[in-house]
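Enquirer: Return atomic coordinates for the entry below.
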Amino acid sequence: MQDEPKIQEMQQVPGIQSTNDIENVVSRIKMFFAELKAQNNAVLEQIKADLEENGKKAEYLNRLQAQAETMEDQQKKLSENISEKALLIQKLATQLEELKKQLEEENKIYGSVTAEEIEDRLKGKMQNKLKLEAALAQAVETLNVLNAQSESLRSAIETLKSQIGSMQETSEGGDPGKDNCSFRRKEGME
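Expert: Got it, this is the predicted structure:
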C-alpha cells in the first residue's frame, strides 16, 4: 500500500508507464548488478592466484639468496685456504733453496771427507730434497685444485645473482596492485 504512492510517482517519470515497466527496469538493474558481481568475483580470484604465485616466487628467491650467501662463505674460506697454501709453497721453496746452499757449503768444508761419508751425506740431503720437492709438488697441486674450486664458486655465485636479478625484475614488473617482493642484498654483493 505504501508502494502505491511511489509507483504513482514513478509513473510520472517519462518513459515509465506501468508497473511492468518498473519491474523491467528493476529486473535489468538486478541483472546488471549480478553481472558486475560475477566480474568482481573473477577479478578477485585472479588477484588471489597472482598473490599466491608471487608468494611462490618469493620463496624461490629466498632459497636462491641463501644458496648465494652459502657459496660466498665457501668461496671466502677457499680463498683463505688458497692464501695459506701459497704461503706454505713459498716457505717450502725457501727451505729447498737453503738446503741447496747448505749442501754447497758443506761440500766446500768437507772436501777432505771420505767418499763414503760424502755419499751418505748426499743420500740424506737428496732424501730431504726429494721430500721437500714432493711436498712442494703436492702443495702446488692442492693450490691448483683450490683455484679451480674458487673459480667454480665464483661462477655459481654470478649465476645465482643473475637469477635473483631476473626474478626481482619479473616480480617488480607486475601490476601495481599485486604484492611485489623485495629482497635485501648482502653487503659486498655487486
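Enquirer: ok, then the element right after the lengthiest helix in the chain?
Expert: In the chain, with assignment by DSSP state H, the single longest helix is helix 19-109. Downstream of helix 19-109, the next assigned helix or strand under DSSP states H and E is helix 115-172.
Enquirer: Residue 164: neighbouring residues, count only.
Expert: 20 (other Cβ atoms under 10 Å). All C-beta atoms are positioned from the backbone trio N, CA, C, and that covers glycine.
Enquirer: circling back: who does the longest helix of the chain touch, helix- and strand-wise?
Expert: helix 3-11, helix 115-172 (3 or more Cβ pairs under 8 Å, 6 or more residues apart in numbering; DSSP states H and E).
Enquirer: Same list, those, but as CSV with distance to residue 107 and mean pLDDT please.
Expert: As requested, these are exported to CSV (distance: least, Cβ to Cβ, whole Å; pLDDT from 0 to 100):
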stretch, distance to residue 107, mean pLDDT
helix 3-11, 128, 51
helix 115-172, 8, 88
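Enquirer: Show the contacting residues for residue 36.
Expert: Residues counted as contacts of residue 36 (Cβ atoms under 8 Å, 6 or more residues apart in numbering): none.
Enquirer: any idea how far residue 164 is from the residue nearest the centre of the chain?
Expert: Nearest residue to the geometric centre of the chain (Cα atoms, centre = their mean): residue 68, 3.3 Å. Remark: distance between residue 68 and residue 164 (Cβ to Cβ, to the nearest Å) = 7 Å.
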